[in-house]
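> Here is a sequence together with a model predicted from it:
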Amino acid sequence: MAKYSLSSKIIFLLLFLFSTVKAQNLSIASFSRLGFGSRGIALGNAMGSVTYGEVTGYYNPAVLPFANLKKASLTIGILSLDRNLDFLHYTQSLYPTAGFSIFLIRAGVKNIEARDADGYIIENLNTSEYLLGFSFSNRIVNKLSIGISLKFYYNKLYHEVKSQTLGIDFGTLFQLNDNISFAFSIHDLNSGYKWDSSIIYQEKGRTFTEKFPVTKRFSASYVLKDILLFSADLNVIGVEKKFNFGTEIFPLYFLSKQFKNIASNFCIRGGVEFFDYVRFSTGFGISRKVGNFTFTFDYTYKFERYAPSGIQFLTIGIEI
């Protein structure tokens, strides 16, 4: 068994207690509830019933049969305070009534300075969390679909102190017509980190389980494809409520008839989240068709209240 100095044990205790306190404020595995990809975050994460463009099983697995695409994308996050948040996904419809999605989130903090009682740096610490998800859904009737996501979480908190868990999401979506959709999904059933501090404290250690808050998402959207989109979500996270709104506009459609052939190549986005404080996000998307492939680039800027600068996301994608 690895030996740890007194200062290392104190550092771990502080990390562990901070994680426990934040869990009481619904921040356990909070990286998994920050959104997914440039488009989703730019739309204020109001994506639970959006069925066209880039979609994943992250917000609601039931949207996948309506997507009618094969698309892969990589998103790089640019964050302050030595944080990282990146996304990778592949989504494919399965003709005629089904679809699946695979998605990965990587988050963490690096360059955490561990100091001894005299203030000298003894090592640099890193934390990392991963979420790997697989979603599948099928239309049970023409306008109604149901879906399920299996999500594997992995958290490396401190040296050998690690935890993993499996979570389950369920979702359903009803498409009233080509323009209006309603959806409901429930997330993180059965999820929870189990920690064992005996790795650090030997016989004085203990085990502790942090259960993830269950999220219920009620969603609605109105779309005129390649012209505009309005979407709204109500998220009930444990006992807390969060309202999300997003809009996507293709401005070239409104400028002149000569632009209508390329109107779908450029869009601007905006979103807002009402939770503990108001969070704004904005961005744009560009696409270009080359042969049988469509290449996309998306950019998003999300304002942060306490960080020295906001978060930027860059996404490159390919659609077949």
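Great, that's in hand. Residues are numbered from 1 along each chain as shown.

> Quick check, T209 in contact with Y193.
Yes. Under the contact definition of CB atoms under 8 Å, T209 touches Y193, with a separation of 7.0 Å. (Each C-beta comes from the backbone N, C-alpha and C, glycine too.)

> who has more neighbours, the two?
Regarding T209 and Y193, a neighbour count based on other CB atoms under 10 Å identifies Y193 as having more, with 22 against 10.

> Chain neighbours aside, what residue packs nearest to that one?
Excluding the flanking residues, the one nearest Y193 by CB to CB, 6 or more residues apart in numbering is S163, at 4.1 Å.

> Next, count neighbours for the one you found.
Using other CB under 10 Å: S163 sits among 18 other residues.

> And the next helix or strand past whichever strand or helix holds I76?
Assigning secondary structure by DSSP states H and E places I76 in strand 70-78. Per DSSP H and E, strand 70-78 leads on to strand 83-94 as the next helix or strand towards the C-terminus.

> follow-up on the earlier one: listing partners with orientation, what would you give for the strand holding I76?
For strand 70-78, sheet partners with direction are given as strand 83-94 (antiparallel), strand 311-319 (antiparallel), following DSSP bridges.

> Turn those into TSV, including mean pLDDT, mean neighbour count and distance to Y130.
Below are these laid out as TSV (pLDDT from 0 to 100; neighbours: other CB atoms under 10 Å; distance: least, CB to CB, whole Å):
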stretch	mean pLDDT	mean neighbour count	distance to Y130
strand 83-94	95	18	10
strand 311-319	96	19	18
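
> now those as CSV including distance to Y59?
Output for the strands paired with strand 70-78, formatted as CSV (distance: least, CB to CB, whole Å):
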stretch, distance to Y59
strand 83-94, 11
strand 311-319, 15
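
> OK, contacts around the closest residue to L104 other than its chain neighbours?
In this structure, L104 finds its nearest non-sequential neighbour in L88, 4.5 Å apart by CB to CB, 6+ apart. Under the criterion of CB atoms under 8 Å, 6 or more residues apart in numbering, the contact list for L88 reads 73-75, 103-104.

> one step back: nearest to P213, out of the strands paired with strand 70-78?
Evaluated with CB to CB, the strands paired with strand 70-78 place strand 83-94 nearest to P213, the distance being 19.5 Å.

> what angle separates whichever helix or strand comes after that closest one from strand 70-78?
Sequence order places strand 98-115 as the next helix or strand after strand 83-94, per DSSP H and E. Taking axes from the mean of the first three to the mean of the last three CA atoms, to 10 degrees, one finds that strand 98-115 is oriented at 20 degrees with respect to strand 70-78.

> Relative to strand 98-115, what are the paired strands and their orientations?
In the sheet containing strand 98-115, the strands it pairs with under DSSP bridges are strand 83-94 (antiparallel), strand 121-141 (antiparallel).

> I'd like the C-alpha coordinates of that strand written as PDB, please.
Included here for strand 98-115 are C-alpha records, laid out as PDB according to Å, rounded to 0.1, in the frame of the first residue of the first chain:
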ATOM      1  CA  ALA A  98     -34.400   4.200 -34.900                       C
ATOM      2  CA  GLY A  99     -31.100   6.000 -34.100                       C
ATOM      3  CA  PHE A 100     -28.100   5.800 -31.800                       C
ATOM      4  CA  SER A 101     -25.500   8.100 -30.400                       C
ATOM      5  CA  ILE A 102     -22.100   7.700 -28.600                       C
ATOM      6  CA  PHE A 103     -20.700  10.600 -26.700                       C
ATOM      7  CA  LEU A 104     -17.800  11.400 -24.400                       C
ATOM      8  CA  ILE A 105     -17.100  14.300 -22.000                       C
ATOM      9  CA  ARG A 106     -13.700  15.000 -20.500                       C
ATOM     10  CA  ALA A 107     -13.400  17.500 -17.700                       C
ATOM     11  CA  GLY A 108     -10.800  18.300 -15.000                       C
ATOM     12  CA  VAL A 109      -8.500  20.800 -13.300                       C
ATOM     13  CA  LYS A 110      -4.700  20.800 -13.600                       C
ATOM     14  CA  ASN A 111      -1.800  22.500 -11.900                       C
ATOM     15  CA  ILE A 112      -3.300  22.400  -8.400                       C
ATOM     16  CA  GLU A 113      -0.400  23.300  -6.100                       C
ATOM     17  CA  ALA A 114       0.000  21.100  -3.100                       C
ATOM     18  CA  ARG A 115       2.000  22.800  -0.400                       C
END
